[in-house]
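> Okay, sequence plus prediction incoming.
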Amino acid sequence: MKIETYIDSLVSYAMNTRLAEPADHQVLMNRLLDLLRLDDYIPSDEPQTEDLEAILAGILDYAVAKGLCDDGVTARDIFDTRIMGALTPMPREIIRAFWDKYQQSPVEATDWYYQFSCDTDYIRRYRIARDMRWKYASDYGEMDITINLSKPEKDPKAIAAAKNAPQTAYPKCQLCRENEGYAGRMNHPARANHRIIPIEVCGADWCLQYSPYVYYNEHCIVFNSRHIPMKIDRAAFEKLLDFVRVFPHYFVGSNADLPIVGGSILSHEHFQGGHYTFAMETAPIEKEVVFNGYGDITAGIVKWPMSVIRLRGADRQRIADLGEKILNAWRGYSDESVGVIAFDQGEPHNTITPIARRRGEDYELDLVLRCNITTEEHPLGVFHPHADKHHIKKENIGLIEVMGLAVLPSRLKGELTDLAAALAEGRDVASDERLSKHADWVEALKRQYAFTADNAMDILLRETGRVFAAVLEDAGVYKNTPAGRAAFGKFVEAVNA
């Protein structure tokens with residue numbers, strides 16, 4: 001199609017998605033002509049397309065051909081984000097619309113804001129649709145398994161350009177408020193089409209946005225307006241519970257505040273939430289416990305591969321009080337019989353991953369006990385995916401995975417496809433450089449199953465889910481064994497001491 005057709009299609013897209021109104025037509029057109037260095041314009045007589053991915057691809061191909069954009073994944077992402085930024089309304093309009101809709105209901109506000117974030121292509125729906133997703137029926141409930149393909153891997157040109165790019169402290173990190181409307185560079189993502197909602201959490205200025213990679217429905221990020229480090233303390237519990245007071249249809253949780261058991265960004269205080277029910281949320285209480293002085297708070301140990309204490313009650317402050325009591329006890333608690341070491345050469349190892357939600361009028365707080373101790377046998381972490389599972393999952397177990405959603409590396413899509421073919425054909429994978437990491441796993445599976453072309457992939461997907469459940473068992477400080485349950489009971493007694 002002609003470039004004029006793509007331009008006409010994009011302006012029509014802006015009108016159809018209500019990013020703009022008819023009165024904005026000429027200004028949007030002129031912004032696009034300026035970005036594409038076009039001096040003349042005659043409306044095209046070709047049929048338009050409503051496919052945003054195709055529209056942007058056509059504009060990008062034109063920009064590359066005219067020398068306006070380099071032909072690489074990162075450079076193209078920066079340029080098409082700039083194009084979409086020209087269609088994106090100013091923050092004041094988005095903030096006003098969000099809070100106007102909030103007056104009707106919190107659900108209406110977040111539904112609208114999520115749709116807006118998709119329509120601006122900040123959330124690239126066509127990429128997320130390529131992610132692999134399936135369910136695994138574990139002994140702990142139905143877990144979600146995903147292979148994330150929507151976050152593009154950088155091409156060699158981008159890696160070289162990022163290495164040579166001048167270092168800057170602006171924005172300080174990928175969560176900071178300064179990202180809103182930022183043009184991007186080879187070592188920092190473009191956010192020209194990004195809009196943030198300012199919110200108040202416990203009387204302080206915070207911000208709400210969605211993750212551009214959407215690991216689950218309405219995957220949001222709640223972050224402090226100040227660039228301050230992650231910290232798990234009583235204040236963190238209060239903030240989580242206050243957020244679900246304002247947005248009762250969302251859950252919200254925090255990564256732990258230590259390496260190995262924490263998230264990928266520990267330098268900026270933030271939470272993750274959304275409108276989704278994880279397997280951990282539906283997991284039952286396996287054993288009720290009573291904490292002295294907190295008879296008004298229902299408490300129990302959750303039937304889950306990781307070690308979870310669930311608190312529930314109507315009074316947010318009382319839940320935060322008890323959460324702080326448990327956290328303080330855990331920070332200094334050691335039990336060498338199960339490998340839990342609170343301090344090693346003065347370095348702290350114990351912390352908590354907390355998750356808050358509403359249960360009707362009640363508040364619920366899950367406290368997941370974490371320990372990042374390492375040993376010679378487990379140099380990456382005792383309570384971390386063990387080496388025999390690294391062929392599937394080697395990365396840290398953060399908040400999302402704690403709750404039962406696996407975020408597996410993109411390499412697995414091709415590897416599982418090739419493994420299925422090799423198993424169906426009876427080929428040896430140990431001699432294949434790319435697949436040999438799976439050899440021991442595959443040999444064990446061959447003793448359990450008779451593989452065919454029809455069943456090989458289904459078996460591999462199911463068994464990948466089984467590996468993820470075992471990964472969570474590795475990350476649990478108290479194992480689901482008689483000895484592990486007894487040790488968990490000793491910790492509860494220590495809290496009550």
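Received, thanks.
> Please work out how many residues are found near S410.
Look at S410: counted by other CB atoms under 10 Å, it has 17 neighbours. Any C-beta I mention is one placed from the backbone N, CA and C, and that applies to glycine too.
> Just confirm it contacts N148, I think it does.
Yes - under the criterion of CB atoms under 8 Å, S410 makes contact with N148 at 6.2 Å.
> Quick check: buried residues in stretch 213-222?
Using 16 or more other CB atoms under 10 Å as the test for burial, stretch 213-222 gives 213-216, 218-222.
> Then stretch 115-128?
116-124, 127-128.
> Farthest pair within these?
The largest separation in the buried residues of stretch 115-128, counting by CB to CB, is between F116 and R127 at 17.8 Å.
> Which single one of the buried residues of stretch 213-222 is nearest to G360?
Distances from G360 to those, taken by CB to CB, are shortest for E218, at 20.5 Å.
> okay but the closest one is in contact with Y276, surely?
Yes - using CB under 8 Å, E218 is in contact with Y276, at 7.0 Å.
> Quickly find the element holding the spatially closest residue to Y41 that is not a sequence neighbour.
Leaving aside its sequence neighbours, Y41 sits nearest to L33 (CB to CB, 6 or more residues apart in numbering; 5.7 Å). According to DSSP states H and E, L33 maps onto helix 25-35.
> how about that helix as PDB, C-alpha atoms only?
In PDB, the C-alpha atoms belonging to helix 25-35 read as follows (Å, rounded to 0.1, in the frame of the first residue of the first chain):
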ATOM      1  CA  HIS A  25      -8.100  15.000  12.400                       C
ATOM      2  CA  GLN A  26      -6.000  17.700  10.700                       C
ATOM      3  CA  VAL A  27      -3.500  18.100  13.600                       C
ATOM      4  CA  LEU A  28      -2.900  14.300  13.800                       C
ATOM      5  CA  MET A  29      -2.400  14.200  10.100                       C
ATOM      6  CA  ASN A  30       0.100  17.000  10.200                       C
ATOM      7  CA  ARG A  31       2.000  15.400  13.100                       C
ATOM      8  CA  LEU A  32       2.400  12.200  11.100                       C
ATOM      9  CA  LEU A  33       3.500  14.100   8.000                       C
ATOM     10  CA  ASP A  34       6.100  15.900  10.000                       C
ATOM     11  CA  LEU A  35       7.500  12.700  11.600                       C
END
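> Below-threshold pLDDT in the stretch 201-350 of the chain: ranges please.
Residue ranges of the stretch 201-350 of the chain with pLDDT under 70: none are present.
> Quick one: the helices in it, in order.
With DSSP state H, counting those that start in this stretch applied, the stretch 201-350 of the chain shows helices at 234-246, 279-282, 316-331, listed in chain order.
> same thing with the stretch 351-497 of the chain?
Secondary structure of the stretch 351-497 of the chain (DSSP H, counting those that start in this stretch): helices located at 399-402, 411-425, 439-446, 456-475, 482-496.
> The stretch 1-150 of the chain too?
Under DSSP H, counting those that start in this stretch, the stretch 1-150 of the chain gives helices at 3-16, 25-35, 52-65, 73-85, 91-104, 106-119, 125-128.
> so who does H390 touch?
Residues in contact with H390, defined by CB atoms under 8 Å, 6 or more residues apart in numbering, are K437.
> Next one, pLDDT for it please.
Per-residue pLDDT puts H390 at 96.
> for it, phi and psi?
For H390, the backbone dihedrals (degrees, to the nearest 10) come out as phi -70, psi -20.
> Relative to L461, how far out is it?
19 Å (CB to CB, to the nearest Å).
> do F491 as well
Distance, F491 to L461, using CB to CB: 36 Å.
> what about the two, which has more around it?
Set side by side, F491 and L461 show more neighbours around F491, with 22 against 17, by other CB under 10 Å.
> so who does the spatially closest residue to that one that is not a sequence neighbour touch?
Leaving aside its sequence neighbours, F491 sits nearest to Y333 (CB to CB, 6+ apart; 6.1 Å). Y333 sits next to 340, 342, 350, 491, 494 when contact means CB under 8 Å, 6+ apart.
> quick one: which of these is nearest T375?
Taking CB to CB as the measure, T375 lies nearest V340 of those, at 12.1 Å.
> State the number of residues packed around that closest one.
Counted with other CB under 10 Å, residues neighbouring V340 total 22.
> show me the contacts for it.
Residues near V340 by CB under 8 Å, 6+ apart: 333-334, 350, 371, 373, 477.
> neighbour-wise, which of those leads?
That'd be C371 among these, by other CB under 10 Å, with 28 neighbours.
> Domain-wise, how is this structure divided?
1-69, 407-475 (automatic domain parsing).
> Of all those, which one is nearest P482?
That would be domain 407-475 among those, by CB to CB, at 15.1 Å.
> any chance of the buried residues of stretch 115-128 in CSV, plus distance to P482 and pLDDT?
Shown next, in CSV, are these (distance: CB to CB, whole Å; pLDDT from 0 to 100):
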residue, distance to P482, pLDDT
F116, 52, 98
S117, 48, 98
C118, 49, 98
D119, 54, 98
T120, 54, 98
D121, 53, 98
Y122, 50, 98
I123, 46, 97
R124, 49, 96
R127, 47, 92
I128, 43, 93
